[in-house]
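> Return a 3D structure for these sequence lines:
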Amino acid sequence: MRIHLDRLDPGPPVLAEVRTPYGPAVARWRGELADRPGHYQVEWTIDEDHVAVRPASGPGHEIRCEGQLLVLRGEFDGEAELRIGDAIVLLDLPARPPGPLELAVPREHVELYPYSA
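So this is what the prediction gives:
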């Protein structure tokens, strides 16, 4: 997913304030502490041991902050992928039917890995 890095909080942990096409997010930054604000292509990783799964609160894809939680809403394929726009988040959610889904995760358990596209 393409994001805009607004600011890094050196922490620990290093947290990034970013804007995505689906809303704002705060998550752990796995790039360099010296990374400048700007556009980055990132991969999302979520620590599933800290995820609360719930039915989607509305239609469409969304990323938002709820206090110290990061909420990701997308379409679950019923096997291992939550699709949020063009981004795919791999998950191990056994026996979960396909359809709209929300994940609520403490922001320090969501990681953003920047890479060159």
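
> can you list contacts of stretch 79-98?
Stretch 79-98 is touched from outside by 1, 21-22, 44-46, 48, 51, 53, 61, 63, 72-78, 101, 103, with contacts defined as CB atoms under 8 Å, 6 or more residues apart in numbering. From N, CA and C alone the C-beta is placed, and that goes for glycine too.

> Enumerate the positions of the helix or strand hosting His39 that are buried.
For His39, the host element (DSSP states H and E) is strand 38-46. If you call a residue buried by 16 or more other CB atoms under 10 Å, then strand 38-46 has these buried ones: 40, 42, 44-46.

> Likewise for stretch 30-37?
30-31.

> swap in stretch 14-30?
14-18, 20, 22-23, 25-30.

> Check those residues and tell me the two furthest apart.
Taking CB to CB, the two most distant members of the buried residues of stretch 14-30 are Val14 and Tyr22; they sit 22.4 Å apart.

> Is Tyr115 bridged to anything, and to what?
Counting by DSSP bridges, Tyr115 forms beta bridges with Gln41.

> Hmm, I typed the wrong one, I wanted Ile88.
Per DSSP bridges, the residues bridged to Ile88 are Arg83.

> List the buried residues of stretch 45-63.
Buried, per 16+ other CB under 10 Å, within stretch 45-63: 45-46, 51, 56, 61-63.

> a markdown table for the buried residues of strand 38-46, including pLDDT?
Listed next are these as a markdown table, based on pLDDT from 0 to 100:
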| residue | pLDDT |
| --- | --- |
| Tyr40 | 97 |
| Val42 | 96 |
| Trp44 | 95 |
| Thr45 | 94 |
| Ile46 | 94 |
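
> Please enumerate the helices of the chain.
Taking DSSP state H, the chain contains no helices at all.
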